[in-house]
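> No letters, just coordinates:
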């Protein structure tokens, strides 16, 4: 088996967000999906995950999972053999954007979690593929299983997250930055910016995909992950 590969899911997602990657990549690698359901700060979530992982591992984070992955890189750079950041953001929230989460927390507490999640990630944030509504249904199923308390903890963690630009500048492992070409939540230009921060990072833009290329274009993403996993450990 190759090196262990750790996936970190996005907001209100469980391992099913990576089901296509698990089915394909587990033939060759030990694959782990680390939950982000415990803790009200990104630092706490990252610490909880690190306690459960192998000594060395490849790390791939999607959306909020990418934010957690950057914190893991900041805390334990010597444990990460390679890094992949999908549809994510290295910047801290501004006071204005952090306060915009408050009505969503109120809605979740009032029993309107499904409507709240549609505001955060609705069909318009996915590419207009034939399976867009099936993906949206899966998102709602995962969120319903996790429940409003997890949502509130995760949103609080996002509100308080730190800027990770300096962390990315110090990154010394083979790194892939990936996003969908139709991602309007974390657009391509944000990923170009991230790739420029990281020494020798590889930027891959997935055609006909929005914020969740792992589900929208799984074959393309799986092939790209395999290419990334074949990169040499040491950067020149």
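Right, received. Where do you want to start? These numbers come from a predicted model, not from an experiment.
> Pick out the residue nearest the middle of this protein.
Central residue of the chain (C-alpha atoms, centre = their mean): residue 62, 1.5 Å from the mean position.
> Leaving out chain neighbours, which residue sits closest to that residue?
Leaving out its chain neighbours, the residue that sits closest to residue 62 by C-beta to C-beta, 6 or more residues apart in numbering is residue 86, at 4.4 Å. For the C-beta atoms, the positions are set from N, CA and C on the backbone; glycine is no exception.
> Pull the contacting residues for that neighbour.
For residue 86, the contact set (C-beta atoms under 8 Å, 6 or more residues apart in numbering) comprises 60, 61, 62, 63, 65, 66, 178, 179, 213, 214.
> so it bridges to which residues?
residue 62, residue 178 (DSSP bridges).
> From the rest of the structure, what touches stretch 227-236?
2-3, 5, 29, 58, 81-82, 84, 172-174, 176, 199-200, 202.
> Quick one: buried ones out of these?
5, 29, 58, 81, 82, 84, 173, 174, 176, 202 (16 or more other C-beta atoms under 10 Å).
> Hmm, the last one is touching residue 191, no?
No: if you go by C-beta atoms under 8 Å, residue 202 and residue 191 don't touch, sitting 11.1 Å apart.
> where do the contact lists of those two overlap?
Contacts common to residue 202 and residue 191, judged by C-beta under 8 Å, 6+ apart, are residue 177.
> tell me the mean pLDDT for the longest helix along the chain?
With secondary structure taken from DSSP state H, the chain has its longest helix at helix 132-146. Here helix 132-146 scores 96 as its mean pLDDT.
> Strands along this structure, start to end?
Per DSSP state E, the chain carries strands over the ranges 2-8, 29-33, 57-62, 80-86, 175-180, 202-206.
> ok, and what's touching the last one?
This points to strand 202-206. 174-181, 188, 191-192, 195, 213, 216-217, 220-221, 224, 228, 231.
> again, only this time at 10 Å
The contact list for strand 202-206 (C-beta atoms under 10 Å, 6 or more residues apart in numbering) reads 84, 86-87, 127, 174-183, 188, 191-196, 213-214, 216-217, 220-221, 224-225, 227-228, 231.
> Just the buried residues of these.
84, 86-87, 127, 174-180, 182-183, 191, 193-195, 213-214, 216-217, 220-221, 224-225, 228, 231.
> What count of nearby residues applies to residue 96?
7 (other C-beta atoms under 10 Å).
> If you could redo that for residue 4, that was the one I meant.
17.
> which ones are touching it?
29, 30, 31, 32, 53, 54, 55, 56, 57, 58, 59, 81.
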